[in-house]
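Trainee: Can you look at this prediction? I've put the sequence above it.
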Amino acid sequence: MQQVNKNTSVTVEVLIDSGCLGEVDVLAGSRGLKRQVRHLTVLSTPDPWDWLEGNEMVLTTGYFAGGNSQTLFETLKRLIDKGISAFCYKEDRHMPPISIEMLELADKNNLPIIRLSSENREDQKQKRADCPINRHQAA
């Protein structure tokens, strides 16, 4: 596993490879896997703009979109404008479908769209606790 300190850049790819996100599928934006990640941010509100600084890996269940794919698409456009590193989602009853337009927009902007496994297996808990972003922020 990569040594992490304040001078080390934690990337989307490092977080995926570390296993701390569990099993994932990169659906679009794979050219952006080298993007730096400064923070993990959970998106649950429909207006997160004031809290974003850039270089966040955004995690969501899509609850904020109310099942509306257009709301999700418009949100993704604004998240791209804010300079996020990746958009990760867990499919559940609140998450609208990811549209072809969203995937195309992500590819055009080299923004990884990552589907997280809906499983929460016991063997993944230690990997999450030892996540490189935690070690980076503690260094």
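Mentor: Perfect, thanks for sending it.
Trainee: CA atoms for contacts and neighbours, from now on please.
Mentor: OK.
Trainee: Not counting its neighbours along the chain, what's nearest Ser9?
Mentor: Leaving aside its chain neighbours, Ser9 sits nearest to Gln36 (6.1 Å; criterion: Cα to Cα, 6 or more residues apart in numbering).
Trainee: wait, isn't that neighbour in contact with Ser85?
Mentor: Yes - counting by Cα atoms under 8 Å, Ser85 is a contact partner of Gln36 at 6.5 Å.
Trainee: Neighbour count for the two, which is higher?
Mentor: Set side by side, Gln36 and Ser85 show unequal neighbour counts under other Cα atoms under 10 Å, the larger going to Ser85 at 28 against 21.
Trainee: State the pLDDT value of that one.
Mentor: On the pLDDT scale, Ser85 is placed at 97.
Trainee: same check, this time on Asn120
Mentor: 53.
Trainee: and if you look at the one 4 residues further on?
Mentor: Gln124 carries a pLDDT score of 48 in this model.
Trainee: Grab the longest helix from the chain for me.
Mentor: Determined from DSSP state H, the single longest helix within the chain is helix 69-81.
Trainee: can you list the weak-confidence ranges in this structure?
Mentor: The model of the chain has pLDDT under 70 over residues 1-8, 119-139.
Trainee: Do a quick rundown of the helices in this structure.
Mentor: Counting by DSSP H, one finds helices in the chain at the ranges 12-18, 69-81, 100-108, 125-129, 132-138.
Trainee: so how far is Ser9 from Gly22?
Mentor: Spatial separation of Gly22 from Ser9 under the definition Cα to Cα, to the nearest Å is 21 Å.
Trainee: When those two are compared, which one has more neighbours?
Mentor: It is Gly22, of Gly22 and Ser9, that has more neighbours when counted by other Cα under 10 Å, with 20 against 17.
Trainee: tell me the phi and psi of the more buried one?
Mentor: Backbone geometry at Gly22, expressed as degrees, to the nearest 10, gives phi 80, psi -160.
Trainee: So it sits against Leu116, correct?
Mentor: Yes - using Cα under 8 Å as the test, Gly22 is close enough to Leu116 to be in contact (7.0 Å).
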